[in-house]
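J.: Need the 3D shape of this:
(one chain, ligands or ions: 1)
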Amino acid sequence: MRYQKLAELYEKLSSTTKRLEKIEILSSFLKELPEEDKDVLYLLLGDIYPEYDEKKIGISNQLAIKAISKATGIPNAKIIQEWKFSGDLGEVSKKLTKNKKQVTLQSHVLTINKVLENLRKLPDLVGKGTIGKKLSLITELLTSATPLEALYLIRTLIGDLRIGLKESTIRESISSAFFNKDKEASKIIQEAIDKTNDISAVFEIAKEGGLKELKKIPLVVGKPIKVMLAQKVSSIKEGFKALGENVGIEYKYDGFRLIIHKKEKEIKLFTRRLENVTLQFPEVVEYIREYVKGDSFILDTEAVGFDKETKEYKPFQEISQRIKRKYNIEKLQKKLPIEIQVFDIIYYNGKSQLKEPFKKRTTLIKKIVKNHPKKIVYAKQIITNNEKKAEEFYKKSLEDNQEGIMMKNLDAVYQPGSRVGHMLKIKPEERDFDLVITGAEYGTGKRSGWLSSFILSCRDKDKFLEIGKVGTGITEKVGSGKVTFEELTRKIKPLTIKEKDRQVTIKPKIVVTITYQEIQKSQNYSSGFALRFPRFTTLRPDRNTKDITTLSEVKIDYGKQKRN
Ligand code: AMP
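T.: Below you'll find the predicted structure:
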């Protein structure tokens with residue numbers, strides 16, 4: 001298939017903001033899509049491989065500018081000038097390609113296969129001469145591209161497709177294309193996506209084998225799956241009301257989620273963002289090998305930091321650096337030790353545990369995990385329908401430096417990827433939100449040269465809406481344990497979409513936890529709300545922009561606050 005056909009689809013999809021229209025457009029496209037071009041589905045999400053694959057395109061704006069320059073013969077400076085004007089490198093590339101096409105007629109035809117072939121070479125390039133090689137791979141595509149193709153090629157390369165397409169829209173389009181928008185079908189497709197994290201494979205099975213085959217998609221040990229997520233309630237009473245009598249209560253540990261796969265000799269560790277972090281935690285691999293029985297399994301756990309001297313638990317932010325750190329691991333491992341709290345099991349010795357009731361899964365965990373405190377243990381759990389006992393347990397969790405409790409229905413199944421009503425979290429009413437940074441402003445005086453004020457956004461479906469600015473909680477001093485302006489500036493700069501005076505607009509990538517005192521209505525921000533006294537608590541490298549606080553959650557919290 002020609003890449004032009006896909007570019008035309010992108011164009012159609014971005015011509016409407018209405019979800020139903022997008023679904024209609026995409027489902028007619030998918031009906032006609034030949035199986036050999038199924039990997040187009042990765043491109044639709046701005047990717048080149050399945051979501052779980054760590055190979056991403058990752059081209060900087062600077063390299064894209066160089067490639068446009070090489071392909072069109074127009075100097076970098078002129079391209080940068082155009083970019084400042086329009087704020088969209090894709091549009092710049094389209095315009096300049098159009099101008100060039102009037103002079104030289106191109107005879108090459110760009111196919112999807114060729115585009116994927118070149119893009120897939122990019123993440124594999126390392127070492128000397130990488131930049132040059134990347135540049136020629138991109139330029140080769142750009143010189144054959146039509147103006148419309150150039151627009152979407154550049155946007156794909158810099159990771160800013162701007163077609164407003166979410167995974168859920170693709171799910172509905174597959175449902176509409178092959179199953180007549182059947183409600184049940186959507187659910188089955190979603191389950192298949194959450195199990196495989198491979199949208200192209202799901203498309204193929206849906207098209208070829210229908211719902212019957214989709215349902216049969218097995219869990220694969222070693223391939224990351226999306227975890228089950230909890231809903232929030234504000235009291236234990238509310239928790240019992242929602243869950244009924246048969247409730248297991250556990251600490252809500254203040255760490256990060258770690259999903260542990262073992263298949264024969266091989267052990268792999270994934271975060272909830274599907275990132276493979278096995279190398280970062282060699283001690284966990286050892287604990288699993290030593291203290292967990294079974295040939296193959298998938299465990300759902302929380303990794304919790306503790307003080308190496310006092311052995312007391314530490315808050316997440318003090319160990320968060322371990323997730324990304326890829327060098328000096330041994331040293332960091334000694335300095336920031338972690339304990340694994342196993343709270344669920346998804347697969348065991350050749351058998352999926354997804355449909356087993358939680359109680360049975362808990363029993364299985366206790367059978368196979370040999371508790372070694374400060375290494376690996378199963379999560380502390382009480383089974384009760386007594387509010388008083390639950391309150392006591394909650395208090396104990398807070399005294400143990402944990403975040404609160406999880407209340408879980410003992411009969412419930414495990415639903416990958418869903419925020420379910422049968423697993424509830426309760427935290428004290430200190431208010432915090434996970435938000436994404438979407439803009440920033442350069443500071444003055446002591447902070448000049450650094451970005452010093454950060455615009456925060458919550459999510460509303462596939463849009464990000466501003467909800468406030470934060471400057472406190474971040475420091476100038478290195479080594480205080482807090483995030484520094486320098487570090488944030490360094491992270492933010494490569495994400496710049498637009499720069500005007502001292503303000504920058506950036507791609508929504510950096511997720512942070514913000515505490516605040518109050519939510520107010522506000523005309524100043526696109527969400528219609530503002531946070532009073534926001535304070536930066538921590539970077540959340542383990543979280544996705546999909547996981548951040550939504551506008552409806554903000555509204556709910558605002559409503560509760562008023563009642564209080
Ligand atoms: P939140 O991140 O506030 O939405 O809370 C849900 C998170 O709490 C999960 O993703 C886990 O990482 C974490 N967690 C801590 N302890 C438990 C537990 N006992 N059961 C389930 N999740 C837990």
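J.: which helix is the longest one in this protein?
T.: For the chain, the helix with the greatest residue count under DSSP state H is helix 199-215.
J.: What helix or strand is the residue lying closest to Leu410 once chain neighbours are set aside located in?
T.: Nearest non-adjacent residue to Leu410, counting by C-beta to C-beta, 6 or more residues apart in numbering: Lys359, 4.0 Å away. Using the backbone N, CA and C atoms, a C-beta is placed for each residue, glycine as well. Per DSSP states H and E: Lys359 is located in helix 358-368.
J.: got it, and Ile455?
T.: Assigned by DSSP H and E, Ile455 falls in strand 451-460.
J.: and if you look at Lys31?
T.: Applying DSSP H and E as the criterion places Lys31 in helix 19-32.
J.: Please name every helix or strand in contact with whichever helix or strand comes after that helix.
T.: Using DSSP H and E, the helix or strand that follows helix 19-32 in sequence is helix 40-44. Counting contacts by 3 or more C-beta pairs under 8 Å, 6 or more residues apart in numbering; DSSP states H and E, helix 40-44 is packed against helix 112-121, helix 199-215.
J.: Next, the angle strand 451-460 makes with the strand or helix carrying Glu553.
T.: Element membership of Glu553, judged by DSSP H and E, is helix 551-563. Between the axis of helix 551-563 and that of strand 451-460 there is an angle of 100 degrees, by axes from the mean of the first three to the mean of the last three C-alpha atoms, to 10 degrees.
J.: contacting residues for Lys389?
T.: Lys389 makes contact with Ile382 under the criterion C-beta atoms under 8 Å, 6 or more residues apart in numbering.
J.: quick one: secondary structure of it?
T.: When classified by DSSP: H, G, I helix; E, B strand; the rest coil, Lys389 comes out as helix.
J.: returning to that earlier point: in this structure the residue nearest to Leu410 contacts Ala412, no?
T.: No. Counting by C-beta atoms under 8 Å, Lys359 sits too far from Ala412 to count as a contact (9.2 Å).
J.: So Asp344 lies in a helix, does it not?
T.: No. Applying three-state DSSP, one finds Asp344 to be strand, outside a helix.
J.: how much space between it and Leu258?
T.: Noted for Asp344: a distance of 12 Å to Leu258, by C-beta to C-beta, to the nearest Å.
J.: so what sits against both of those two?
T.: Taking C-beta under 8 Å, 6+ apart as the contact rule, Asp344 and Leu258 both touch Thr301.
J.: check contacts around the residue in the stretch 401-550 of the chain that the ligand sits nearest to.
T.: Of all residues in the stretch 401-550 of the chain, the one sitting closest to the ligand is Met406 (4.3 Å; C-beta to the nearest ligand atom). Applying C-beta under 8 Å, 6+ apart to Met406 gives the contacts Ala230, Ile249, Glu250, Tyr251, Lys252, Phe343, Met423, Leu424, Lys425, Ile426.
J.: residues contacting Val504?
T.: Val504 makes contacts with Gly439, Ala440, Glu441, Tyr442, Leu451, Ile492, Thr496, Ile497, Lys498, as judged by C-beta under 8 Å, 6+ apart.
J.: 7 Å instead?
T.: Residues in contact with Val504, defined by C-beta atoms under 7 Å, 6 or more residues apart in numbering, are Gly439, Ala440, Thr496, Lys498.
J.: Dump those residues to CSV, plus pLDDT.
T.: Output for the contacts of Val504, formatted as CSV (pLDDT from 0 to 100):
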residue, pLDDT
Gly439, 96
Ala440, 96
Thr496, 90
Lys498, 88
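J.: before we move on, back to that, nearest to the ligand, out of the helices and strands packed on helix 40-44?
T.: The ligand sits nearest to helix 199-215 of all the helices and strands packed on helix 40-44, at 23.1 Å, using C-beta to the nearest ligand atom.
J.: What parts of this protein come near the ligand?
T.: When proximity is defined as C-beta under 6 Å from any ligand atom, the chain approaches the ligand at Ala230, Glu250, Tyr251, Lys252, Tyr253, Arg257, Glu302, Phe343, Ala379, Met406, Lys425.
J.: Filter these down to the ones in helices?
T.: Filtering the residues of the chain next to the ligand for helices - DSSP H - leaves nothing at all.
J.: closest to Ile74 among those?
T.: Arg257 (47.4 Å; C-beta to C-beta).
J.: before we move on, the earlier item: how far is the helix holding Lys31 from where the chain is centred?
T.: Computed by C-alpha atoms, centre = their mean, to the nearest Å, the separation of helix 19-32 from the middle of its chain amounts to 25 Å.
J.: for it, packing partners?
T.: Other helices and strands packing on helix 19-32, by 3 or more C-beta pairs under 7 Å, 6 or more residues apart in numbering; DSSP states H and E, are helix 3-14, helix 167-179.
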